[in-house]
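> Okay, here's the prediction I keep looking at, along with the sequence it came from:
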Amino acid sequence: MSDPQYARDPSSLTAILAQFEQDGFTGQFAVHDAGMLLCLQCRQEHPAASFVMTALRRTEGASDPADMAAVVALLCPRCGTRGTVALKYGPEAGAEESEVLLALEDQREGHGVVVDRSADTLTASSDETTGRTGE
């Protein structure tokens, strides 16, 4: 079985962001110091751990295996804005990006929005009571 988060096609960062926007993640978040994220809608800064991560798409492997980037779909803890943040990871990531990735708690399994294993689209989870995603 392949990793559902691994880039399966030549989707660019722009294409991934456009897909998330089409699926309702129209806001944006910015990385700040010490694991903090700024919601560009309500202009409030919060610890990354307080955001709900509903989806994640990695881009490495699509066109260049060295491109270690991810787009994360989040919910703002203050205003509820559904938006995205693009993060680098690995050797090219800054300390701030690494802290944000480490702090984010994955809330996808069993509820909310998950990355579909057969296509590069977002879908509702298939079984919210057992935590299974229809594998």
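In hand now; what should we look at?
> mind listing the strands in the chain by residue range?
With DSSP state E as the criterion, the chain has strands at 27-32, 36-39, 45-47, 52-58, 69-75, 82-88, 105-106, 113-115, 122-124.
> list the helices and strands the third one packs on?
For strand 45-47, the elements it packs on are strand 36-39, judged by 3 or more C-beta pairs under 8 Å, 6 or more residues apart in numbering; DSSP states H and E. Heads up, the C-betas are built off the backbone N, CA and C, glycines and all.
> Okay, now the sheet partners of the strand it packs on, with direction.
strand 27-32 (antiparallel), strand 45-47 (antiparallel) (DSSP bridges).
> So what's the model's average confidence on the shortest one?
Just to be clear, that refers to strand 45-47. For strand 45-47, mean pLDDT rounds to 97.
> repeat for stretch 103-115
On average, the pLDDT along stretch 103-115 is 58.
> low pLDDT regions in this protein?
1-10, 60-65, 106-135 (pLDDT under 70).
> let's see it at 80
1-11, 60-67, 105-135 (pLDDT under 80).
> Make TSV out of the strands of the chain and add distance to residue 19 and mean neighbour count.
Shown next, in TSV, are the strands of the chain (distance: least, C-beta to C-beta, whole Å; neighbours: other C-beta atoms under 10 Å):
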stretch	distance to residue 19	mean neighbour count
strand 27-32	15	18
strand 36-39	21	22
strand 45-47	25	15
strand 52-58	8	21
strand 69-75	9	23
strand 82-88	10	21
strand 105-106	19	10
strand 113-115	10	20
strand 122-124	7	16
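> Generate a markdown table for those, with distance to residue 96 as supplementary columns.
Output for the strands of the chain, formatted as a markdown table (distance: least, C-beta to C-beta, whole Å):
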| stretch | distance to residue 96 |
| --- | --- |
| strand 27-32 | 5 |
| strand 36-39 | 8 |
| strand 45-47 | 12 |
| strand 52-58 | 17 |
| strand 69-75 | 14 |
| strand 82-88 | 9 |
| strand 105-106 | 18 |
| strand 113-115 | 25 |
| strand 122-124 | 26 |
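> closest one to residue 98 among the ones you listed?
strand 82-88 (8.6 Å; C-beta to C-beta).
> Specify the angle between that closest one and strand 52-58 in degrees.
Angle, strand 82-88 to strand 52-58, by axes from the mean of the first three to the mean of the last three C-alpha atoms, to 10 degrees: 40 degrees.
> Fine by me, thanks again.
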